[in-house]
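*Asks:* Have a look at this fold, sequence not included:
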C-alpha cells in the first residue's frame, strides 16, 4: 500500500513538472519580471481577502446541512475548511475532505458518518452550481470555437453527475425509510461482530446526514448559497487579474473559472501545473493578452492562493493540535468502517 501511495505521488509530481514546463516554455524573463513589478498590490490584497471570504461563505453553506444542538458555530466550519483545503493541497487523494469532516465531528460531537455525508452533498452540489452558472452564461453570451466545446463538456458532466447523485441518494433514503435494506444487513453478518456494529452505526449516521434531500425548501436555499459562493470566486479572480491590467468584464470571468476548474482537477500537489496551463490558455488564447503577462498573473495568484490557505491552515492545525500523520490514520480508520 505504501509503495502504491509513493508511486502515485511520484507520478503526480512528474505530471506537475511536465505541465509547468509547458506553462513556462517561451517565457521572456525580462518581460515577466516587469509585469511582476508593475502589479497593483491593492488588487492582490483584495484577491487574498477574497480567498478568506470564499472559505467563510463555504462555511455558511456547509453548516446549513447540519441540524441539532451540538452543531458548532460558523467559525468552526471556517477553520475546518482551512484545514481541509490545506490538506488537499499537500496530500493526494482529496484527503482534506475527510480531514475537515473529522475536524467538525470532534468540534460538535457529531458522528463522522454524518459529517462525511454533508461533505459529499456539498461537493456534488458544487458540480451542479458550476454547471448551472456556465449554462446560463452560454445562453446569455455567444461562445464559439474550442472554448464552447470545453464549456459544454463542463455543463454536461456537472449536470449528469448531479442528477445521478441526487437520484441515487433519494432512492437510498426511500429504501432506508421503507425498511428495504435488509439485504445490506444480511451482508454484514459475514463481518466480525465488533466491526459489524461500527459499520451499522456509521451507515445510519451517513444516511441521517443525507436527510437534507427530504426538504425541497432547504435544497433550494442551499443551491442559492452555492451561487453566492461561486459568484464570489469569479469576483475574487476579477480583482486578482486586474492587478496585472488584465481588465475584462465581470461576467467574462465565469468561463475563465470553468476552464480553471478543468485544470485544477488534474491530481497534482498544490494544483501545480494544471492551474497554470488552464489559466494561461484562457488569458492568451481567449482574451488575447501577452503570454508573459499571463504567466506573471497566473503564477502570482497561485502563489497567493497557496500561501494564504496553507498559512492559515497551519495556524489552525498548530492551535488545534491537528497533524497530517494523525489525519491519515483517521482517514484509514474511517475508510475501514
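*Replies:* Sure thing, it's come through. Given the structure is predicted, the values throughout are model-derived calculations rather than measurements. Numbers count the residues shown, from 1 in each chain.

*Asks:* what's in contact with the helix or strand hosting residue 33?
*Replies:* Using DSSP states H and E, the element containing residue 33 is helix 29-37. Contacts with helix 29-37, where a contact means Cβ atoms under 8 Å, 6 or more residues apart in numbering, come from 244, 290, 292, 293, 295, 296, 297, 300. Any C-beta I mention is one placed from the backbone N, CA and C, and that applies to glycine too.

*Asks:* of all those, which comes closest to residue 111?
*Replies:* Of all these, residue 111 sits closest to residue 300, with 41.9 Å by Cβ to Cβ.

*Asks:* was I right about that closest one contacting residue 39?
*Replies:* Yes. Judged on Cβ atoms under 8 Å, residue 300 makes contact with residue 39 at a distance of 6.4 Å.

*Asks:* what sits in contact with each of those two?
*Replies:* Joint contacts of residue 300 and residue 39 (Cβ under 8 Å, 6+ apart) are 243, 244.

*Asks:* just to revisit the earlier point, now, of the contacts of helix 29-37, which are buried?
*Replies:* 244, 292, 293, 295, 296, 297, 300 (16 or more other Cβ atoms under 10 Å).

*Asks:* Just the ones of the residues you listed in helices?
*Replies:* The members of the buried ones among the contacts of helix 29-37 that map onto helices under DSSP state H are 292, 293, 295, 296, 297, 300.

*Asks:* ok, residue 73 - how many residues close by?
*Replies:* Residue 73 has 11 neighbours, counted by other Cβ atoms under 10 Å.

*Asks:* returning to what we had before: widest-spaced pair of the contacts of helix 29-37?
*Replies:* 290 and 300, at 15.1 Å, using Cβ to Cβ across the contacts of helix 29-37.

*Asks:* who touches residue 236 in this structure?
*Replies:* Contacts of residue 236 (Cβ under 8 Å, 6+ apart): 46, 47, 50, 51, 53, 54.

*Asks:* what's residue 288 sitting at in phi/psi?
*Replies:* Dihedral angles of residue 288 (phi, psi; degrees, to the nearest 10) stand at phi 70, psi 40.
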